[in-house]
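Enquirer: What would the 3D arrangement of this be:
(chains A and B)
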Amino acid sequence: MRRENFSAKPIEDHPARWQDAGIAHLYCLGMDAAVETQSQTGWQHELYDLLRENGITQIAYVPDAGHSILIDRSLADPSVHSIALTTEEEGVALIAGADLGGTRAVLLMQSSGVGNCINMLSLIKGARFPFLTLVSMRGDFGEGNPWQFAMGQATEPVLAAMGVVCAHRAVGRSNPDHERGADHGVQGRPGGRRAALAAPDRRQAFLMDTLSMMTACLLT
Amino acid sequence: MPADVKPGPTAAAGNFALERGEAVPALIGRHQDFLIVAGLGGTASDVGAVTGDAAHVYSLAGAMGAACMMGLGLALARPDKRVLVVTGDGELLMNVGALATVAVVDPVNLAILCVDNGHYGETGWQKSHTSLGVDLEQIAIGCGIKHTCTVAAARDIAAGARLLREGNGASFVCLRVKPTEPPAFKRNFDASLQRDRFRAALGGTMSPRG
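Expert: Here you go, the predicted structure:
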(Lines give C-alpha, C1' and ligand atoms only; values in the text may rest on other atoms or scores of the structure.)
Protein backbone atom coordinates (compact mmCIF):
# COMPACT_ATOMS: atom_id res chain seq x y z
CA MET A 1 0.00 0.00 0.00
CA ARG A 2 2.74 2.40 0.85
CA ARG A 3 4.45 1.62 -2.39
CA GLU A 4 1.35 2.84 -4.22
CA ASN A 5 1.40 6.03 -2.24
CA PHE A 6 4.86 6.72 -3.47
CA SER A 7 4.13 6.08 -7.07
CA ALA A 8 1.06 8.24 -6.83
CA LYS A 9 3.04 11.45 -6.57
CA PRO A 10 6.23 12.44 -8.35
CA ILE A 11 9.28 12.98 -6.19
CA GLU A 12 9.68 16.60 -7.27
CA ASP A 13 6.45 17.45 -5.48
CA HIS A 14 7.80 16.32 -2.17
CA PRO A 15 9.23 18.72 0.37
CA ALA A 16 12.64 19.92 -0.72
CA ARG A 17 14.60 18.14 1.95
CA TRP A 18 13.55 14.77 0.61
CA GLN A 19 14.32 15.36 -3.01
CA ASP A 20 17.78 13.94 -3.03
CA ALA A 21 16.90 10.85 -1.12
CA GLY A 22 15.35 8.59 -3.74
CA ILE A 23 12.01 6.91 -3.64
CA ALA A 24 13.08 3.59 -2.21
CA HIS A 25 14.82 5.27 0.64
CA LEU A 26 11.87 7.33 1.66
CA TYR A 27 9.60 4.42 1.38
CA CYS A 28 11.46 2.02 3.61
CA LEU A 29 11.62 4.59 6.35
CA GLY A 30 7.88 4.76 6.47
CA MET A 31 8.06 8.34 5.34
CA ASP A 32 4.86 8.29 3.35
CA ALA A 33 6.14 11.20 1.35
CA ALA A 34 3.08 11.62 -0.83
CA VAL A 35 1.09 12.68 2.20
CA GLU A 36 3.84 13.84 4.51
CA THR A 37 3.27 17.23 6.03
CA GLN A 38 5.20 19.33 8.45
CA SER A 39 2.98 18.27 11.30
CA GLN A 40 3.61 14.64 10.50
CA THR A 41 7.36 15.09 10.63
CA GLY A 42 7.02 17.00 13.86
CA TRP A 43 8.00 13.95 15.84
CA GLN A 44 11.50 14.19 14.44
CA HIS A 45 11.82 17.69 15.79
CA GLU A 46 10.54 16.45 19.12
CA LEU A 47 13.10 13.70 18.97
CA TYR A 48 15.87 16.21 18.46
CA ASP A 49 14.61 18.31 21.34
CA LEU A 50 14.51 15.23 23.52
CA LEU A 51 18.10 14.37 22.71
CA ARG A 52 19.16 17.90 23.56
CA GLU A 53 17.11 17.98 26.76
CA ASN A 54 18.99 14.88 27.81
CA GLY A 55 22.30 16.61 27.43
CA ILE A 56 23.52 15.13 24.17
CA THR A 57 26.11 17.47 22.70
CA GLN A 58 27.77 15.30 20.04
CA ILE A 59 25.62 14.07 17.16
CA ALA A 60 27.44 11.72 14.80
CA TYR A 61 26.04 10.27 11.61
CA VAL A 62 26.55 8.80 8.24
CA PRO A 63 24.12 10.84 6.14
CA ASP A 64 20.71 9.23 5.79
CA ALA A 65 17.37 10.56 4.58
CA GLY A 66 15.57 9.12 7.57
CA HIS A 67 17.68 11.22 9.90
CA SER A 68 17.82 14.32 7.75
CA ILE A 69 15.81 16.49 10.10
CA LEU A 70 18.00 15.50 13.05
CA ILE A 71 21.10 16.12 10.97
CA ASP A 72 19.90 19.51 9.76
CA ARG A 73 18.96 20.52 13.27
CA SER A 74 22.37 19.50 14.58
CA LEU A 75 24.11 21.48 11.86
CA ALA A 76 22.09 24.55 12.76
CA ASP A 77 22.61 24.16 16.51
CA PRO A 78 25.66 26.04 17.82
CA SER A 79 25.49 24.13 21.09
CA VAL A 80 26.27 20.73 19.62
CA HIS A 81 29.04 19.16 17.60
CA SER A 82 27.58 17.78 14.39
CA ILE A 83 29.98 15.13 13.15
CA ALA A 84 29.73 13.51 9.73
CA LEU A 85 31.48 10.14 9.64
CA THR A 86 33.03 8.16 6.82
CA THR A 87 31.82 4.88 8.33
CA GLU A 88 29.48 4.09 11.17
CA GLU A 89 32.08 2.36 13.34
CA GLU A 90 33.78 5.71 13.76
CA GLY A 91 30.70 6.84 15.64
CA VAL A 92 30.87 3.96 18.08
CA ALA A 93 34.39 4.95 19.09
CA LEU A 94 33.44 8.64 19.15
CA ILE A 95 30.66 7.93 21.65
CA ALA A 96 33.13 6.14 23.90
CA GLY A 97 35.54 9.05 23.74
CA ALA A 98 32.78 11.54 24.48
CA ASP A 99 31.85 9.53 27.55
CA LEU A 100 35.45 9.53 28.76
CA GLY A 101 35.25 13.29 28.66
CA GLY A 102 31.97 13.35 30.55
CA THR A 103 29.64 14.26 27.72
CA ARG A 104 26.92 12.45 25.79
CA ALA A 105 26.72 11.51 22.16
CA VAL A 106 24.34 9.73 19.81
CA LEU A 107 24.97 7.82 16.58
CA LEU A 108 22.48 8.13 13.74
CA MET A 109 22.73 5.51 11.04
CA GLN A 110 20.88 3.40 8.54
CA SER A 111 20.45 -0.30 9.18
CA SER A 112 23.08 -1.13 6.58
CA GLY A 113 25.61 0.69 8.74
CA VAL A 114 25.01 -1.54 11.72
CA GLY A 115 27.07 -4.23 10.06
CA ASN A 116 30.01 -1.85 9.92
CA CYS A 117 29.96 -1.51 13.71
CA ILE A 118 30.15 -5.09 14.90
CA ASN A 119 33.69 -5.40 16.22
CA MET A 120 33.77 -1.80 17.39
CA LEU A 121 30.88 -2.63 19.70
CA SER A 122 33.41 -4.73 21.64
CA LEU A 123 34.56 -1.43 23.04
CA ILE A 124 31.07 -0.57 24.26
CA LYS A 125 30.36 -3.96 25.72
CA GLY A 126 33.78 -4.51 27.24
CA ALA A 127 33.96 -1.19 29.02
CA ARG A 128 30.21 -0.77 29.55
CA PHE A 129 30.17 2.59 27.86
CA PRO A 130 26.72 4.15 27.56
CA PHE A 131 25.70 3.91 23.92
CA LEU A 132 22.65 5.25 22.14
CA THR A 133 22.04 4.83 18.44
CA LEU A 134 19.03 5.56 16.28
CA VAL A 135 18.79 3.25 13.29
CA SER A 136 16.59 4.03 10.32
CA MET A 137 15.44 0.73 8.93
CA ARG A 138 15.77 -0.57 5.43
CA GLY A 139 15.42 -4.07 4.14
CA ASP A 140 12.24 -4.97 5.93
CA PHE A 141 8.74 -5.44 4.57
CA GLY A 142 8.14 -3.37 1.47
CA GLU A 143 11.79 -2.64 0.71
CA GLY A 144 12.30 -1.71 -2.91
CA ASN A 145 15.99 -2.57 -3.17
CA PRO A 146 16.83 -6.23 -2.65
CA TRP A 147 20.44 -5.34 -1.80
CA GLN A 148 19.12 -4.02 1.49
CA PHE A 149 17.49 -7.23 2.62
CA ALA A 150 20.53 -9.02 4.03
CA MET A 151 21.64 -6.37 6.47
CA GLY A 152 18.16 -5.10 7.14
CA GLN A 153 17.05 -8.52 8.28
CA ALA A 154 20.21 -8.98 10.32
CA THR A 155 20.18 -5.59 12.04
CA GLU A 156 18.54 -6.55 15.29
CA PRO A 157 20.21 -9.97 15.66
CA VAL A 158 23.61 -8.36 15.08
CA LEU A 159 23.00 -5.63 17.63
CA ALA A 160 21.59 -8.09 20.12
CA ALA A 161 24.57 -10.40 19.65
CA MET A 162 26.85 -7.55 20.67
CA GLY A 163 24.78 -6.78 23.74
CA VAL A 164 22.77 -3.82 22.48
CA VAL A 165 19.17 -3.68 23.66
CA CYS A 166 16.90 -2.96 20.74
CA ALA A 167 13.51 -1.35 20.55
CA HIS A 168 12.14 -1.77 17.07
CA ARG A 169 9.52 0.63 15.88
CA ALA A 170 8.21 -0.84 12.68
CA VAL A 171 7.10 1.32 9.81
CA GLY A 172 3.39 1.64 9.21
CA ARG A 173 0.56 2.82 11.31
CA SER A 174 -0.41 -0.24 13.23
CA ASN A 175 1.54 -3.26 14.24
CA PRO A 176 0.69 -4.41 17.75
CA ASP A 177 3.17 -7.28 17.66
CA HIS A 178 6.05 -4.95 17.04
CA GLU A 179 4.82 -2.62 19.71
CA ARG A 180 4.72 -5.34 22.33
CA GLY A 181 8.16 -6.47 21.32
CA ALA A 182 9.51 -2.99 21.72
CA ASP A 183 7.95 -2.65 25.14
CA HIS A 184 9.55 -5.84 26.26
CA GLY A 185 12.90 -4.96 24.81
CA VAL A 186 13.17 -1.66 26.56
CA GLN A 187 11.68 -2.53 29.91
CA GLY A 188 13.71 -5.70 30.20
CA ARG A 189 16.98 -3.90 29.68
CA PRO A 190 18.96 -7.07 30.29
CA GLY A 191 22.15 -5.53 28.98
CA GLY A 192 22.02 -2.38 31.02
CA ARG A 193 22.91 0.83 29.31
CA ARG A 194 23.22 0.01 25.65
CA ALA A 195 20.23 0.60 23.47
CA ALA A 196 19.30 1.03 19.89
CA LEU A 197 16.11 2.46 18.59
CA ALA A 198 14.96 1.60 15.15
CA ALA A 199 13.05 4.56 13.88
CA PRO A 200 10.94 6.20 12.72
CA ASP A 201 7.27 5.78 13.35
CA ARG A 202 4.38 8.14 13.35
CA ARG A 203 3.07 7.17 16.72
CA GLN A 204 5.20 9.75 18.29
CA ALA A 205 3.91 9.34 21.79
CA PHE A 206 5.19 5.80 21.95
CA LEU A 207 8.41 6.78 20.27
CA MET A 208 8.99 9.61 22.67
CA ASP A 209 8.19 7.44 25.65
CA THR A 210 10.60 4.81 24.42
CA LEU A 211 13.41 7.22 23.81
CA SER A 212 12.73 9.08 27.01
CA MET A 213 13.00 5.84 28.92
CA MET A 214 16.20 4.96 27.10
CA THR A 215 17.85 8.28 27.66
CA ALA A 216 16.84 8.26 31.30
CA CYS A 217 18.32 4.81 31.75
CA LEU A 218 21.40 5.36 29.67
CA LEU A 219 22.45 8.83 30.38
CA THR A 220 21.53 10.04 33.82
CA MET B 1 63.79 -6.98 14.63
CA PRO B 2 63.00 -10.67 14.18
CA ALA B 3 65.43 -12.48 11.93
CA ASP B 4 62.79 -13.42 9.38
CA VAL B 5 61.59 -9.85 8.80
CA LYS B 6 62.58 -8.60 5.41
CA PRO B 7 62.63 -4.83 5.15
CA GLY B 8 60.21 -3.35 2.65
CA PRO B 9 61.22 -0.84 0.03
CA THR B 10 60.80 2.17 2.27
CA ALA B 11 62.60 0.48 5.15
CA ALA B 12 65.44 -0.31 2.79
CA ALA B 13 65.69 3.39 2.16
CA GLY B 14 66.39 3.85 5.84
CA ASN B 15 63.15 5.46 6.88
CA PHE B 16 62.31 3.00 9.64
CA ALA B 17 65.38 3.76 11.69
CA LEU B 18 64.46 5.25 15.05
CA GLU B 19 64.23 3.30 18.30
CA ARG B 20 60.63 3.45 19.48
CA GLY B 21 61.66 3.12 23.11
CA GLU B 22 63.57 6.38 22.81
CA ALA B 23 61.59 8.34 20.26
CA VAL B 24 58.11 7.92 21.76
CA PRO B 25 59.03 9.27 25.23
CA ALA B 26 60.93 12.11 23.59
CA LEU B 27 57.91 13.08 21.49
CA ILE B 28 55.40 12.84 24.33
CA GLY B 29 57.51 14.71 26.85
CA ARG B 30 55.58 15.55 30.03
CA HIS B 31 52.73 13.07 29.66
CA GLN B 32 50.63 14.69 32.38
CA ASP B 33 49.94 17.54 29.96
CA PHE B 34 47.73 15.27 27.87
CA LEU B 35 44.70 13.09 28.06
CA ILE B 36 45.92 10.04 26.16
CA VAL B 37 44.17 7.39 24.09
CA ALA B 38 46.56 4.56 23.23
CA GLY B 39 45.93 2.16 20.39
CA LEU B 40 46.08 -1.56 20.78
CA GLY B 41 49.25 -3.55 20.47
CA GLY B 42 52.63 -1.95 20.71
CA THR B 43 51.48 1.62 21.20
CA ALA B 44 49.68 0.74 24.43
CA SER B 45 53.04 -0.51 25.69
CA ASP B 46 54.85 2.53 24.32
CA VAL B 47 52.53 4.75 26.31
CA GLY B 48 52.47 2.52 29.38
CA ALA B 49 56.24 2.61 29.57
CA VAL B 50 56.02 6.39 29.78
CA THR B 51 52.98 6.84 32.00
CA GLY B 52 52.58 3.63 33.99
CA ASP B 53 49.04 2.39 34.54
CA ALA B 54 47.63 5.89 34.79
CA ALA B 55 44.14 7.35 35.06
CA HIS B 56 44.64 9.89 32.28
CA VAL B 57 45.36 7.10 29.76
CA TYR B 58 42.80 4.92 28.04
CA SER B 59 44.53 1.96 26.39
CA LEU B 60 42.79 -0.21 23.84
CA ALA B 61 43.40 -3.92 23.60
CA GLY B 62 40.80 -4.56 20.91
CA ALA B 63 38.25 -2.64 18.83
CA MET B 64 41.01 -2.06 16.29
CA GLY B 65 40.65 1.29 14.59
CA ALA B 66 39.00 3.06 17.52
CA ALA B 67 41.84 5.21 18.79
CA CYS B 68 41.58 8.31 16.59
CA MET B 69 37.81 8.56 16.91
CA MET B 70 37.90 8.07 20.67
CA GLY B 71 40.40 10.87 20.74
CA LEU B 72 38.08 13.06 18.69
CA GLY B 73 35.10 12.44 20.96
CA LEU B 74 37.25 13.15 23.99
CA ALA B 75 38.77 16.28 22.48
CA LEU B 76 35.34 17.71 21.68
CA ALA B 77 34.11 16.83 25.15
CA ARG B 78 37.08 18.44 26.90
CA PRO B 79 38.22 21.51 24.98
CA ASP B 80 40.10 22.59 28.11
CA LYS B 81 42.50 19.65 27.79
CA ARG B 82 44.97 18.60 25.14
CA VAL B 83 44.23 15.12 23.81
CA LEU B 84 46.93 12.86 22.41
CA VAL B 85 46.17 9.72 20.42
CA VAL B 86 49.08 7.29 20.14
CA THR B 87 48.28 4.68 17.52
CA GLY B 88 50.11 2.32 15.20
CA ASP B 89 50.27 2.03 11.44
CA GLY B 90 48.15 -1.12 11.39
CA GLU B 91 45.42 0.31 13.56
CA LEU B 92 45.33 3.57 11.66
CA LEU B 93 45.14 1.80 8.33
CA MET B 94 42.15 -0.18 9.54
CA ASN B 95 40.08 2.96 10.00
CA VAL B 96 41.96 5.49 7.94
CA GLY B 97 38.76 7.39 7.20
CA ALA B 98 38.97 8.68 10.76
CA LEU B 99 41.71 11.03 9.58
CA ALA B 100 39.21 12.56 7.18
CA THR B 101 36.63 12.98 9.92
CA VAL B 102 39.22 14.48 12.27
CA ALA B 103 40.35 16.88 9.56
CA VAL B 104 36.82 18.07 8.87
CA VAL B 105 36.06 18.69 12.54
CA ASP B 106 39.59 20.01 13.14
CA PRO B 107 39.53 20.32 16.93
CA VAL B 108 42.22 22.64 18.23
CA ASN B 109 43.21 20.29 21.04
CA LEU B 110 43.75 16.95 19.29
CA ALA B 111 47.11 15.51 18.31
CA ILE B 112 47.69 12.12 16.72
CA LEU B 113 51.01 10.30 16.96
CA CYS B 114 51.30 7.28 14.71
CA VAL B 115 54.13 4.94 15.67
CA ASP B 116 54.80 3.49 12.25
CA ASN B 117 57.05 0.43 12.17
CA GLY B 118 55.69 -0.87 8.89
CA HIS B 119 54.63 -4.15 10.44
CA TYR B 120 51.96 -5.98 12.39
CA GLY B 121 54.20 -6.79 15.33
CA GLU B 122 51.62 -8.62 17.44
CA THR B 123 50.63 -11.10 14.80
CA GLY B 124 53.99 -12.28 13.52
CA TRP B 125 55.66 -9.26 11.97
CA GLN B 126 53.84 -9.28 8.69
CA LYS B 127 54.47 -6.17 6.63
CA SER B 128 51.84 -3.46 6.73
CA HIS B 129 51.03 -1.24 3.78
CA THR B 130 53.44 1.40 5.04
CA SER B 131 56.31 -0.97 4.33
CA LEU B 132 55.01 -1.23 0.80
CA GLY B 133 54.83 2.40 -0.15
CA VAL B 134 51.83 3.84 1.69
CA ASP B 135 52.67 7.15 3.35
CA LEU B 136 50.36 7.97 6.25
CA GLU B 137 51.46 11.58 6.49
CA GLN B 138 50.51 12.09 2.85
CA ILE B 139 47.13 10.55 3.60
CA ALA B 140 46.71 12.92 6.53
CA ILE B 141 47.63 15.86 4.29
CA GLY B 142 45.23 14.67 1.65
CA CYS B 143 42.49 14.43 4.25
CA GLY B 144 43.07 18.07 5.08
CA ILE B 145 44.94 17.89 8.37
CA LYS B 146 46.92 21.12 8.30
CA HIS B 147 49.66 20.36 10.80
CA THR B 148 51.62 17.25 9.93
CA CYS B 149 55.14 15.96 9.93
CA THR B 150 57.09 12.73 9.62
CA VAL B 151 59.71 12.03 12.23
CA ALA B 152 62.24 9.67 10.68
CA ALA B 153 65.49 10.85 12.25
CA ALA B 154 66.60 12.14 15.63
CA ARG B 155 66.84 15.67 14.27
CA ASP B 156 63.07 15.65 13.54
CA ILE B 157 61.99 14.85 17.09
CA ALA B 158 61.95 18.37 18.51
CA ALA B 159 59.73 19.65 15.73
CA GLY B 160 57.43 16.65 16.12
CA ALA B 161 57.12 17.19 19.85
CA ARG B 162 56.20 20.83 19.27
CA LEU B 163 53.55 19.86 16.77
CA LEU B 164 51.93 17.47 19.23
CA ARG B 165 51.81 20.14 21.90
CA GLU B 166 51.27 23.36 20.05
CA GLY B 167 49.31 22.58 16.92
CA ASN B 168 46.43 25.02 16.52
CA GLY B 169 44.05 22.53 14.99
CA ALA B 170 44.32 18.80 14.60
CA SER B 171 47.90 17.68 14.20
CA PHE B 172 49.41 14.45 12.94
CA VAL B 173 52.90 13.11 13.47
CA CYS B 174 54.08 9.97 11.72
CA LEU B 175 56.97 8.48 13.66
CA ARG B 176 59.00 6.00 11.63
CA VAL B 177 60.63 3.40 13.90
CA LYS B 178 62.43 0.10 13.54
CA PRO B 179 60.21 -2.96 13.60
CA THR B 180 61.32 -4.00 17.05
CA GLU B 181 59.44 -5.17 20.12
CA PRO B 182 57.76 -2.38 22.10
CA PRO B 183 58.85 -1.77 25.68
CA ALA B 184 57.81 -4.45 28.15
CA PHE B 185 54.74 -3.26 30.01
CA LYS B 186 52.06 -5.27 31.77
CA ARG B 187 48.88 -3.77 30.45
CA ASN B 188 45.61 -3.27 32.26
CA PHE B 189 43.00 -5.17 30.28
CA ASP B 190 40.03 -4.06 32.36
CA ALA B 191 38.29 -1.73 29.94
CA SER B 192 35.54 -0.80 32.36
CA LEU B 193 37.90 0.01 35.21
CA GLN B 194 39.91 2.21 32.88
CA ARG B 195 36.77 4.03 31.86
CA ASP B 196 35.57 4.66 35.40
CA ARG B 197 38.86 5.93 36.70
CA PHE B 198 39.44 8.08 33.61
CA ARG B 199 36.11 9.81 34.19
CA ALA B 200 36.73 10.10 37.91
CA ALA B 201 40.12 11.68 37.32
CA LEU B 202 38.41 14.33 35.22
CA GLY B 203 35.97 15.06 38.00
CA GLY B 204 33.02 13.25 36.48
CA THR B 205 30.95 10.57 38.09
CA MET B 206 32.37 7.09 38.27
CA SER B 207 29.38 5.30 36.96
CA PRO B 208 26.34 7.08 35.56
CA ARG B 209 24.36 3.92 35.23
CA GLY B 210 20.74 4.60 35.97
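Enquirer: for chain A, where's the lowest mean pLDDT among helices and strands?
Expert: In chain A, the helix or strand scored least confidently by mean pLDDT, DSSP states H and E is helix A:23-28, which has a mean of 22.
Enquirer: any chance you could map the strands in the chain?
Expert: Here I'm looking at chain A. A:56-61, A:81-84, A:104-110, A:131-136, A:165-168, A:194-199 (DSSP state E).
Enquirer: sorry, should have said chain B
Expert: B:34-38, B:57-59, B:82-88, B:110-116, B:119-120, B:126-127, B:147-151, B:171-176.
Enquirer: pLDDT weak spots in chain A?
Expert: A:1-41, A:168-220 (pLDDT under 70).
Enquirer: Tell me the residues on it that lie near chain B, please.
Expert: A:57-58, A:81, A:83-87, A:89-103, A:105, A:119-120, A:122-123, A:126-130, A:192-193, A:216-220 (Cβ under 8 Å from any Cβ of the partner chain). Heads up, the C-betas are built off the backbone N, CA and C, glycines and all.
Enquirer: Write a PyMOL command that selects only the buried members of those residues.
Expert: Restricted to buried positions by 16 or more other Cβ atoms under 10 Å in any protein chain shown, the PyMOL selection for the residues of chain A next to chain B reads:
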select buried, chain A and resi 57+58+81+83+84+85+86+87+89+90+91+92+93+94+95+96+97+98+99+100+101+102+103+105+119+120+122+123+126+127+128+129+130+193+217+218+219
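Enquirer: Just the residues of chain A next to chain B: which are in helices?
Expert: A:89-100, A:122-123, A:126-127, A:216-219 (DSSP state H).
Enquirer: sorry, back to before: need the strands of chain A in JSON lines (columns: distance to B:K127).
Expert: Below are the strands of chain A laid out as JSON lines (distance: least, Cβ to Cβ, whole Å):
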{"stretch": "strand A:56-61", "distance to B:K127": "33"}
{"stretch": "strand A:81-84", "distance to B:K127": "33"}
{"stretch": "strand A:104-110", "distance to B:K127": "34"}
{"stretch": "strand A:131-136", "distance to B:K127": "35"}
{"stretch": "strand A:165-168", "distance to B:K127": "41"}
{"stretch": "strand A:194-199", "distance to B:K127": "37"}
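Enquirer: closest to B:V108 out of these?
Expert: Distance to B:V108, taken as Cβ to Cβ, is lowest for strand A:81-84 among the strands of chain A, at 12.9 Å.
Enquirer: What lies in contact with that closest one?
Expert: A:57-63, A:71, A:74-75, A:91, A:94, B:72, B:76, B:101, B:104-105 (Cβ atoms under 8 Å, 6 or more residues apart in numbering or on different chains).
Enquirer: What's the separation between the residue nearest the centre of chain B and A:T103?
Expert: The residue lying closest to the centre of chain B (Cα atoms, centre = their mean) is B:V86, at 1.7 Å. Distance, B:V86 to A:T103, using Cβ to Cβ, to the nearest Å: 22 Å.
Enquirer: Filter the contacts of strand A:81-84 down to the buried ones and hand me the ChimeraX line.
Expert: Filtering those down to the buried ones (16+ other Cβ under 10 Å) takes a single ChimeraX command:
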select /A:57,58,59,60,61,62,71,74,91,94 /B:72,76,101,105
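Enquirer: count of neighbours near B:A49?
Expert: B:A49: 16 surrounding residues under other Cβ atoms under 10 Å in any protein chain shown.
Enquirer: Chain A versus the nearest residue to B:D53 once chain neighbours are set aside, what's the distance?
Expert: Leaving aside its chain neighbours, B:D53 sits nearest to B:N188 (5.1 Å; criterion: Cβ to Cβ, 6 or more residues apart in numbering or on different chains). As for B:N188, its distance to chain A is 12 Å (criterion: Cβ to the nearest Cβ, to the nearest Å).
Enquirer: you'd agree B:N188 is up against B:R195?
Expert: No: assessed by Cβ atoms under 8 Å, B:N188 is found out of contact with B:R195, at 11.3 Å.
Enquirer: So between those two, which is more surrounded?
Expert: The neighbour comparison of B:N188 against B:R195 (other Cβ under 10 Å) goes to B:R195, with 21 against 16.
Enquirer: check contacts around that one.
Expert: So B:R195 contacts A:96, A:99-100, A:127-129, B:58 (Cβ under 8 Å, 6+ apart).
Enquirer: which one of those residues sits closest to B:G121?
Expert: Nearest member of the contacts of B:R195 to B:G121, counting by Cβ to Cβ, is B:Y58, at 20.9 Å.
Enquirer: so how many other residues sit close to that closest one?
Expert: Count around B:Y58 with other Cβ under 10 Å applied: 26.
Enquirer: right, and it touches B:A38 too?
Expert: Yes: applying Cβ under 8 Å as the test, B:Y58 and B:A38 come out as touching, 7.1 Å apart.
Enquirer: Out of the strands of chain A, which is closest to B:G160?
Expert: strand A:81-84 (27.1 Å).
Enquirer: Enumerate the sheet neighbours of the closest one, specifying parallel or antiparallel for every one.
Expert: Strand pairing for strand A:81-84, using DSSP bridges, gives strand A:56-61 (parallel).
Enquirer: Cool, thanks, talk later.
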